[in-house]
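> could you work out the structure for the sequence below:
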Amino acid sequence: MKQKLTFVVLLLLIVSLSGCKKEDMALKDGYYTASAQEFSHGWKEYITIMVKDGSIVSVEYNAMNASGFIKSWDNAYMQNMLHATGTYPNEYTRYYAGQLLEGQGEDPIDALSGATSSFTSFGKLSEAVLEQAKKGDSGIMLVDTVEE
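Below is the predicted model of the structure:
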């Protein structure tokens with residue numbers, strides 16, 4: 001009888017602890033932003049996500065210059081990058097954001113050829129923004145995205 005009682009208590013303890021971990025891992029509803037600490041090549045990358053009912057429902061990934069102009073709107077930059085690397089900001093920002101949305105932060109993100117520097121930044125920023133969403137911290141998280 002004592003062994004059965006001990007087994008039941010241990011089982012309940014394990015179940016309750018595993019439940020706590022799932023709650024700790026759940027994303028809290030709200031808007032969350034992670035931004036690069038510094039400008040890199042004139043741009044500061046950022047990610048903003050919206051979480052509703054514990055799921056990511058929207059992801060914006062982009063960069064802005066010191067005047068607030070959005071990188072994916074810069075046609076001259078787009079043309080230069082497209083000819084040099086085969087991709088451009090409006091393509092890779094949507095690609096990376098779409099993967100984060102689809103995988104809900106649980107699946108790995110695939111790098112897009114020609115945008116590997118942004119891939120590295122995106123990884124650091126998305127990790128930070130997901131941590132914020134788990135904590136419910138709606139402040140802007142500043143992240144060191146500079147490659148070493």
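> doesn't residue 134 make contact with residue 25?
Yes - counting by C-beta atoms under 8 Å, residue 134 is a contact partner of residue 25 at 6.4 Å. No exception for glycine: its C-beta is placed from N, CA and C like everyone else's.
> so for these two, which residue has more residues nearby?
Neighbour totals were compared for residue 25 and residue 134, and residue 134 leads with 17 against 11 (other C-beta atoms under 10 Å).
> so which strand or helix has the more buried one?
Take DSSP states H and E as the rule and residue 134 turns out to sit in helix 116-135.
> avg pLDDT for that helix?
The pLDDT scores in helix 116-135 average 94.
> just checking, what packs against that helix?
For helix 116-135, the packing partners by 3 or more C-beta pairs under 8 Å, 6 or more residues apart in numbering; DSSP states H and E come out as strand 30-36, strand 44-52, strand 55-64, helix 89-103, strand 140-143.
> quick one: residues contacting the residue most central in space within the chain.
With distances taken as C-alpha atoms, centre = their mean, the residue of the chain nearest its centroid is residue 126 (2.0 Å). Neighbouring residues of residue 126 by C-beta atoms under 8 Å, 6 or more residues apart in numbering: 34, 47, 96, 100, 105, 109.
> and which of these is nearest to residue 78?
Nearest to residue 78 among the contacts of residue 126 is residue 96, at 16.2 Å by C-beta to C-beta.
> how near is the closest one to residue 46?
12 Å (C-beta to C-beta, to the nearest Å).
> these two - which one has more neighbours?
Of the pair residue 96 and residue 46, residue 96 is the one with more neighbours under other C-beta under 10 Å, namely 25 against 22.
> isn't that one right up against residue 121?
No - using C-beta under 8 Å, residue 96 is not in contact with residue 121; the gap is 9.5 Å.
> please verify my assumption that residue 95 contacts residue 114.
No - when contacts are counted by C-beta under 8 Å, residue 95 is not listed as touching residue 114 (10.7 Å).
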